[in-house]
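Participant: What shape does this take:
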Amino acid sequence: MVDPIPPQVKRVWDRWNIRGTILFSLSLQTLLVLVAPYRKSTRNRLLIMLIWSAYLLADAAANFTVGLISNSQGDDSNKSGSSKAPKENEDLLAFWAPFLLLHLGGPDTITAFALEDNELWLRHLLGLVFQAVAALYVFAQSIPNRLWVSTILMFVAGTIKYVERTRALYLASLDRFRDSMLKEPDPGPNYAKLMEEYASKRENKLPTQIIMIPEPDKEARATDVPVKEGKLNDLEVVHYAYKYFLIFKGLVVDLIFSFRERNESREFFKKREADDALRVIEVELNFIYEVLYTKVEVVHSTWGYVFRCIAFGSILSALGIFHFRIKKHGYFNQFDVGITYTLLLGAVALDVIALLMLIFSDWTFAAIKDPDSNSGILAKVFSSFLRFKRPWWRNYVCKTTNHKLEDMPLEIEHHVLATPILFRRWSGSLSSYNLISYCLKSHTSRIHKFTRWPRVIAENIAGFLHIGGCYRVVVGFIKTIMKVVINFLSGVIRILGFIKDKVGDAITFIVNMLKRTCLLRIIIKISELFSYVHGIIMGSLGLRDFLDGIIYVSREPFTKELWQFIFEELKTKADYADDPETAKRISAARGEWVLVDSDTKIDRSTLMQYVADVQYDESLLLWHIATDLCYYTPGETKVGKESFKYREFSKLLSDYMLYLLIMQPTMMSAVGGIGKIRFRDTCAEAERFFQRRGLLSRRKKKKNIVQAKACEAILSVNTDVKPVTVKGDRSKSVLFDASMLAQELNKLEAEGLDKWKLMSRMWVELISYAASHCRANTHAQQVSKGGELITFIWLLMAHFGLGEQFQINEGHARAKLIVGK
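Facilitator: Next comes the predicted model:
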């Protein structure tokens with residue numbers, strides 16, 4: 001029988017398999033240490049896929065290499081991967097085995113890729129036992145071993161690292177995470193004893209009554225320290241974030257809180273500016289991320305410091321002993337010695353990097369006492385470092401044409417978040433998905449453009465060195481070159497387009513000729529077959545949603561003005577939420593609160609049917625399409641600067657909420673209902689309508705023009721009779737119901753209503769409802785995927801006391817028996 005693998009390939013594999021896989025394992029560990037921290041601050045699919053691949057391959061590579069080493073030691077004819085390898089190299093192989101245990105322990109920067117990985121801590125515990133046994137087996141096979149001391153030291157270090165990872169997974173599993181925050185069981189006052197005494201005195205005909213004495217300081221705040229006024233410095237931001245993290249981390253597992261905790265948090269955030277609140281919540285979510293997905297809770301403890309010192313000391317000692325042993329005796333293969341040095345120095349380097357990350361982590365900053373004073377060398381060093389982690393806001397000029405292409409553009413300045421990935425705590429972006437753009441098969445238009453972080457850093461360095469003029473000249477020169485290149489490429493594209501049109505004409509001519517023969521019928525049948533197979537593949541493998549996410553989902557940079565608007569809206573609601581019932585009613589509102597608000601005398605009751613009389617997912621789709629119809633078509637009045645701001649907020653939040661509903665169904669499952677069915681039915685009706693109006697053939701034109709034409713066409717349809725009356729309720733499409741909503745909004749605008757302010761407030765209420773009703777663990781999942789605005793709103797609502805998490809009001813009442821006349 002012919003061997004499919006050539007002998008030369010087999011010899012190469014036998015010689016290099018162990019060496020190659022152990023170096024590959026070290027490379028994966030290095031990659032995870034350096035790159036894994038950035039998955040919380042990016043939405044880049046390639047980077048996330050790289051981290052995911054490294055995370056999965058790291059364990060597989062280490063396990064595979066341990067098996068190779070064990071197998072080679074069990075075969076006397078093929079030790080060290082070579083039949084003629086020197087017997088002394090068995091000692092090196094035994095020395096390499098604990099390094100795999102060290103690699104299986106993983107870096108500090110990632111223990112779990114997804115929240116579900118934490119639930120597999122028991123599997124990792126079993127893996128620890130088996131891998132430790134395998135390493136000991138390899139070591140026992142090599143006895144007598146000249147490197148036995150170094151091997152034992154590395155075994156100790158590897159075991160510590162693996163135990164750290166297993167314990168981190170255990171502590172982050174949601175059941176254990178919940179249990180860690182439970183207080184001692186509270187039976188309450190002794191009711192049975194009190195009632196026995198009460199009954200006894202009543203039997204003795206004594207006039208007895210029970211009076212209730214409230215718990216001392218029930219209405220007092222949890223602390224007598226006054227809330228800090230004014231801006232927070234960088235250390236104070238971390239300090240307060242850590243404080244509220246310890247209180248509110250129970251949100252992740254749906255624990256309840258007391259009104260004392262609510263009032264303290266509410267008072268603090270009501271005295272904050274929007275920018276400071278954003279910084280505190282950023283750091284607070286960063287604490288949640290590190291507790292759930294890294295080793296931080298294990299390492300940042302007394303025993304953690306002790307065992308980390310033991311592990312690092314063991315690695316250094318193993319390096320020193322190995323160096324002197326090699327220097328004294330030169331009987332090892334020099335190439336394998338080089339690999340061993342690489343493994344040892346790599347382990348030391350990775351531990352040093354982990355130590356630096358530990359020192360400059362938020363957990364270390366939170367441990368500094370008296371952050372107000374900012375005194376001391378360490379506090380000054382840490383404050384200087386934290387300055388880089390502040391949000392970096394850059395000016396961006398937005399232009400609007402007041403809905404009419406012939407009008408002069410109106411320019412509004414916004415501040416977009418442009419923090420470099422090295423320093424940001426979340427992605428700082430919103431994902432956008434638009435129904436009409438999707439039906440027209442065009443990309444969603446961006447309102448703002450991202451400021452690339454290398455340019456931001458270059459501008460700051462130029463400003464610091466006072467060479468801003470030179471920098472602008474260089475940038476201008478580069479822009480000129482880029483413009484020339486773009487013009488050249490545009491010319492090439494036009495030429496290719498001309499060729500394509502000519503080829504298309506030729507194909508059309510050939511098809512017309514084939515119509516006279518039966519060959520065309522055969523081609524059509526083959527085409528239908530390919531379309532059917534294509535649909536099966538795309539649907540069964542889930543590729544359609546994946547490709548739609550790549551093609552039709554765009555990202556918008558987060559703006560300071562949007563956050564300030566959301567913050568002020570929720571702050572205003574918090575002013576009304578003085579009692580638990582009002583707070584619950586506000587958090588349960590999904591548009592009603594905005595419509596009944598008395599900020600204008602114009603009657604808005606006609607809009608209530610699009611909020612209160614429909615399901616949440618239907619309401620979201622209605623307002624999403626209506627927002628687009630109003631956005632792309634001229635209104636009764638021109639858009640001023642104030643209305644333009646609300647207009648952009650509405651568009652951003654509208655596209656963002658549709659992205660959550662369709663592209664994040666797990667997160668929105670608690671409120672999404674049959675949102676995807678409604679979306680698909682609406683898309684089907686929209687595509688049929690656009691096809692009938694000839695709009696799909698205009699995709700080559702500027703997409704904003706095509707979208708405007710599509711919106712005008714939808715609004716032009718007569719809607720005197722409701723769609724459900726004509727079509728029935730089998731189809732869940734809401735396309736023309738949304739057209740009726742847009743027309744109602746335009747009518748109210750003609751009466752003097754600022755429809756964009758109303759719509760932007762409506763979108764804040766819709767996203768607030770979703771934020772407070774989504775399952776808490778879905779918010780925890782998003783912090784490892786770049787973060788979502790809805791998670792920030794969820795936490796901000798909790799800090800403002802808006803929600804149903806606050807249920808402990810009275811505490812213990814002290815009953816007292818009064819005996820007397």
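
Participant: Compute the number of surrounding residues for the residue nearest to residue 704 when sequence neighbours are not counted.
Facilitator: Excluding the flanking residues, the one nearest residue 704 by Cβ to Cβ, 6 or more residues apart in numbering is residue 445, at 6.0 Å. (Each C-beta comes from the backbone N, C-alpha and C, glycine too.) Residues near residue 445, counting by other Cβ atoms under 10 Å, number 18.

Participant: give me the element residue 445 is part of.
Facilitator: Secondary structure assignment for residue 445, by DSSP states H and E: no helix or strand.

Participant: which ones are touching it?
Facilitator: 437, 554, 703-704, 707 (Cβ atoms under 8 Å, 6 or more residues apart in numbering).

Participant: which one of these is nearest residue 147?
Facilitator: residue 554 (56.7 Å; Cβ to Cβ).

Participant: Who is that closest one paired with across the strands?
Facilitator: Per DSSP bridges, the residues bridged to residue 554 are residue 432.

Participant: after the helix or strand where residue 303 lies, next one along is what?
Facilitator: Assessed by DSSP H and E, residue 303 sits inside helix 302-328. The C-terminal neighbour of helix 302-328 among helices and strands, as given by DSSP H and E, is helix 334-359.

Participant: which parts of that following helix are buried?
Facilitator: If you call a residue buried by 16 or more other Cβ atoms under 10 Å, then helix 334-359 has these buried ones: 336, 339-340, 343-344, 346-347, 350-351, 353-354, 357-358.

Participant: Low-confidence ranges, the stretch 251-400 of the chain, go.
Facilitator: 329-331, 370-376, 399-400 (pLDDT under 70).

Participant: any idea how far the helix or strand harbouring residue 195 is from the chain center?
Facilitator: Per DSSP H and E: residue 195 is located in helix 191-203. Taking Cα atoms, centre = their mean, to the nearest Å, one finds the center of helix 191-203 at 57 Å from the center of the full chain.

Participant: Name every strand pairing with the following helix or strand past it and say which way it goes.
Facilitator: Next helix or strand after helix 191-203 toward the C-terminus (DSSP H and E): strand 208-213. Using DSSP bridges, the strands paired with strand 208-213 are strand 814-819 (antiparallel).

Participant: Now do the contacts for residue 817.
Facilitator: 194, 197-198, 201, 208-210.

Participant: any idea whether residue 390 is helix, strand or coil?
Facilitator: What DSSP: H, G, I helix; E, B strand; the rest coil gives for residue 390 is coil.

Participant: Quick check: it vs residue 276, distance?
Facilitator: 11 Å (Cβ to Cβ, to the nearest Å).

Participant: What of residue 148?
Facilitator: For residue 148, the distance to residue 276 - Cβ to Cβ - is 58 Å.

Participant: what's the answer for residue 767, then?
Facilitator: 22 Å.

Participant: The helix holding residue 195 packs against which elements?
Facilitator: Applying 3 or more Cβ pairs under 8 Å, 6 or more residues apart in numbering; DSSP states H and E, one finds that helix 191-203 makes contact with strand 208-213, strand 814-819.

Participant: Sort out which residues of it are buried, please.
Facilitator: Using 16+ other Cβ under 10 Å as the burial criterion, the residues of helix 191-203 that qualify are residue 198.
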